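A.B. asks: below is the sequence, then the predicted model.
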2 protein chains.
Amino acid sequence: MKPPLRVPVPTLTEGRLELDAATSRYVARVHRLEAGATISLFSAGFEASATITRACADAVEVDVGPRRAAAPPRDVTLVQALGKADKFDAVVRDATELGATRVVPVMTARTIPRLGDRADARLARWRAIALDATRQCGRASAPEICALEPLSTALARHAAVRVMLTPGAPSPLAPLLLGDASLLIAVGPEGGFTPEELTDAGARGVTLARLGATVLRTETVAAAALGAALVLGEASSALPSSPD
Amino acid sequence: MKPPLRVPVPTLTEGRLELDAATSRYVARVHRLEAGATISLFSAGFEASATITRACADAVEVDVGPRRAAAPPRDVTLVQALGKADKFDAVVRDATELGATRVVPVMTARTIPRLGDRADARLARWRAIALDATRQCGRASAPEICALEPLSTALARHAAVRVMLTPGAPSPLAPLLLGDASLLIAVGPEGGFTPEELTDAGARGVTLARLGATVLRTETVAAAALGAALVLGEASSALPSSPD
């Protein structure tokens, strides 16, 4: 059976609700749904089934059922080496939009910025960016932005699947991202992880994997890997014979 | 059988080659490969098998076999609505790194910038960014950056799978990205596609799909979707019972 259309709404309460004009057109004209059809509404961490009671071209009215907490998203930890300048700001914003549960900034051998006494200010800034992105993208709650850690500490965090991305590694990423098991993805700085860091990660049971065949900028890796995790995690049941 | 380790090299010619110190450590210490082992070397559109002839901790020497053109990457067209300010610059850079074959900037109903007589200058700028990113990431050749088109023209381009991303659509993205068929992904502007544009795309046989459950910024969508396409396309054979 086709899953119901999912429609974002500003606030979600049980009972009668008139959708705004753009959303109404989307429901009634794009998807040609009529009175009696069921859709799914969602808003900041909650969702509800709703039955269409009137479906005019730009004024759709629905009867909203009891709301429930949305399924908790997959637990995804992004471990990311600090980058130059504002790169980490972009990483925090992307990771928030793309559903990371927490972001752990790490120092690595090739990490250039030394935060020193700016560490607290930077952390506060990243948390503000995460809050702002949370509101804009309609996430239920903001990701945890952790204080700077050594790489080895971050890699020891618990996750069912732990992956370190490095160009040319024999393992492709897709099989590691399937399903809904908790996931840790480690992304290196400009210049990558050192051979020693890769060896150490391997010894700790972290899988070395590649993302494509080129060498990506560190901030592109985060968005691409989290996007892939989101797509593969969300749709495992839609893939042929996937293991879940 | 485990696929061979893939190692990027600056230039690739048949015969004896000494890997640089960092690459050597990666091969000999991280992956503990020894004399006699086979690895795969790649560089700008070419690849070759190589046999390790000496494996010291920081000086690995290999015997490179005949080089061949690397398998052509999947044909991926990114159709993207123009965004404000420098957003499209970031999109071009990300798309280049993430393997897009071509990028088609489009005007849509909610696209704000009107390029007017700056169109040529902007196009030249995007092509320069693509060339620069091509060199940095080690792609074989730069993506085609097309001149601005109307959305309907861009959607009529040939691709085996054509997808328009819009929040809340019932179809998840993963099943559409599997395999190596040519792919067209359309990404809307701030504010999204209009109901009319979505209806029209559907009528043209384009599948409406969602990427996650939140509302992403337009430049995040491109990186996340292309990352997912790269991961799913590259590894379809590694997924359980995938259709290829």
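C.D. replies: Great, that's in hand.
A.B. asks: for chain A, which segments count as strands?
C.D. replies: With DSSP state E as the criterion, chain A has strands at A:6-8, A:15-18, A:38-43, A:46-56, A:59-64, A:68-69, A:76-81, A:102-107, A:144-145, A:149-150, A:161-165, A:171-172, A:183-187, A:207-210.
A.B. asks: now the ones you listed as TSV including mean neighbour count, distance to residue B:147 and mean pLDDT?
C.D. replies: Yep, even glycine has a C-beta here, placed from its N, CA and C like the rest. Below are those laid out as TSV (neighbours: other Cβ atoms under 10 Å in any protein chain shown; distance: least, Cβ to Cβ, whole Å; pLDDT from 0 to 100):
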stretch	mean neighbour count	distance to residue B:147	mean pLDDT
strand A:6-8	18	34	79
strand A:15-18	13	42	94
strand A:38-43	19	39	86
strand A:46-56	17	40	90
strand A:59-64	20	39	94
strand A:68-69	10	48	80
strand A:76-81	26	36	96
strand A:102-107	22	38	95
strand A:144-145	18	41	96
strand A:149-150	14	47	93
strand A:161-165	22	35	96
strand A:171-172	20	35	84
strand A:183-187	26	35	97
strand A:207-210	20	34	92
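A.B. asks: got a markdown table for these, with distance to residue B:86 too?
C.D. replies: Below are those laid out as a markdown table (distance: least, Cβ to Cβ, whole Å):
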| stretch | distance to residue B:86 |
| --- | --- |
| strand A:6-8 | 28 |
| strand A:15-18 | 39 |
| strand A:38-43 | 32 |
| strand A:46-56 | 36 |
| strand A:59-64 | 37 |
| strand A:68-69 | 39 |
| strand A:76-81 | 23 |
| strand A:102-107 | 24 |
| strand A:144-145 | 25 |
| strand A:149-150 | 32 |
| strand A:161-165 | 26 |
| strand A:171-172 | 32 |
| strand A:183-187 | 23 |
| strand A:207-210 | 29 |
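A.B. asks: now the residue positioned nearest the centre of chain A: how far from residue A:222?
C.D. replies: In chain A, the centroid-proximal residue (Cα atoms, centre = their mean) is residue A:99; its distance is 2.0 Å. To residue A:222, residue A:99 is 12 Å away according to Cβ to Cβ, to the nearest Å.
A.B. asks: quick one on the thing from earlier: Serialize the strands of chain A to TSV and add fields for distance to chain B.
C.D. replies: Below are those laid out as TSV (distance: least, Cβ to the nearest Cβ, whole Å):
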stretch	distance to chain B
strand A:6-8	4
strand A:15-18	16
strand A:38-43	7
strand A:46-56	9
strand A:59-64	11
strand A:68-69	13
strand A:76-81	12
strand A:102-107	15
strand A:144-145	17
strand A:149-150	19
strand A:161-165	11
strand A:171-172	4
strand A:183-187	12
strand A:207-210	7
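A.B. asks: which among these is found nearest to residue B:207?
C.D. replies: Of all the strands of chain A, strand A:6-8 sits nearest to residue B:207, with 15.6 Å by Cβ to Cβ.
A.B. asks: okay, now the sheet partners of that closest one, with direction.
C.D. replies: Strand A:6-8 pairs in its sheet with strand A:38-43 (parallel), by DSSP bridges.
A.B. asks: okay, angle between the partner strand and strand A:46-56 too, please.
C.D. replies: On the basis of axes from the mean of the first three to the mean of the last three Cα atoms, to 10 degrees, strand A:38-43 is oriented at 130 degrees to strand A:46-56.
A.B. asks: which residues sit against strand A:38-43?
C.D. replies: Here strand A:38-43 makes contact (Cβ atoms under 8 Å, 6 or more residues apart in numbering or on different chains) with A:3-12, A:17, A:27, A:33, A:47-52, A:62, A:64, A:70, A:138, B:168, B:213.
A.B. asks: at 10 Å instead, please
C.D. replies: The contact list for strand A:38-43 (Cβ atoms under 10 Å, 6 or more residues apart in numbering or on different chains) reads A:3-13, A:17, A:19, A:23, A:27, A:31, A:33, A:47-52, A:60, A:62, A:64-65, A:67, A:70, A:138, A:140, B:167-168, B:170, B:213-214.
A.B. asks: tell me who's in contact with the nearest residue to residue A:75 once chain neighbours are set aside.
C.D. replies: Closest residue to residue A:75 apart from its sequence neighbours, by Cβ to Cβ, 6 or more residues apart in numbering or on different chains: residue A:182 at 3.9 Å. Contacts for residue A:182 (Cβ under 10 Å, 6+ apart) come out as A:74-77, A:101, A:157-162.
A.B. asks: run a quick neighbour tally on residue A:116.
C.D. replies: The number of residues packed near residue A:116 is 6, by other Cβ atoms under 10 Å in any protein chain shown.
A.B. asks: these two touch, right, residue A:233 and residue A:183?
C.D. replies: Yes: using Cβ atoms under 10 Å, residue A:233 makes contact with residue A:183 at a distance of 7.8 Å.
A.B. asks: hey, what's in contact with both of the two?
C.D. replies: A:74, A:76, A:177.
A.B. asks: show the pLDDT at the closest residue to the last one other than its chain neighbours.
C.D. replies: It refers to residue A:177. The shortest distance from residue A:177 to any non-neighbouring residue, by Cβ to Cβ, 6+ apart, is to residue A:232 (4.2 Å). Model confidence at residue A:232, given as pLDDT, is 87.
A.B. asks: now for the contacts of residue A:182: which two are most distant?
C.D. replies: A:74 and A:157, at 15.2 Å, using Cβ to Cβ across the contacts of residue A:182.
A.B. asks: shared neighbours of residue A:99 and residue A:222, anything?
C.D. replies: By Cβ under 10 Å, 6+ apart, residue A:99 and residue A:222 have these common neighbours: residue B:224.
A.B. asks: show me how chain A divides into domains.
C.D. replies: A:6-69, A:76-238 (automatic domain parsing).
A.B. asks: which residues does residue A:185 bridge with?
C.D. replies: Counting by DSSP bridges, residue A:185 is bridged to residue A:78, residue A:163.
A.B. asks: what's near enough to touch it?
C.D. replies: A:76-80, A:95, A:100, A:159, A:161-165, A:173, A:176-177, A:209, A:211, A:221-222, A:225-226, A:228-229.
A.B. asks: would you mind writing the CA trace of stretch A:130-147 as CSV?
C.D. replies: Extracted in CSV, the C-alpha atoms of stretch A:130-147 (Å, rounded to 0.1, in the frame of the first residue of the first chain):
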residue,chain,number,x,y,z
ALA,A,130,22.5,24.2,15.8
LEU,A,131,19.4,25.7,17.6
ASP,A,132,18.8,28.1,14.7
ALA,A,133,19.1,25.3,12.1
THR,A,134,16.8,23.1,14.2
ARG,A,135,14.0,25.7,14.1
GLN,A,136,14.4,26.3,10.4
CYS,A,137,14.4,22.7,9.3
GLY,A,138,11.6,21.5,11.6
ARG,A,139,13.6,19.0,13.6
ALA,A,140,12.0,17.9,17.0
SER,A,141,15.1,18.9,19.0
ALA,A,142,18.6,20.2,18.5
PRO,A,143,21.5,17.9,18.2
GLU,A,144,24.0,17.7,21.1
ILE,A,145,27.1,19.7,20.2
CYS,A,146,29.9,18.3,22.4
ALA,A,147,33.1,20.0,23.6
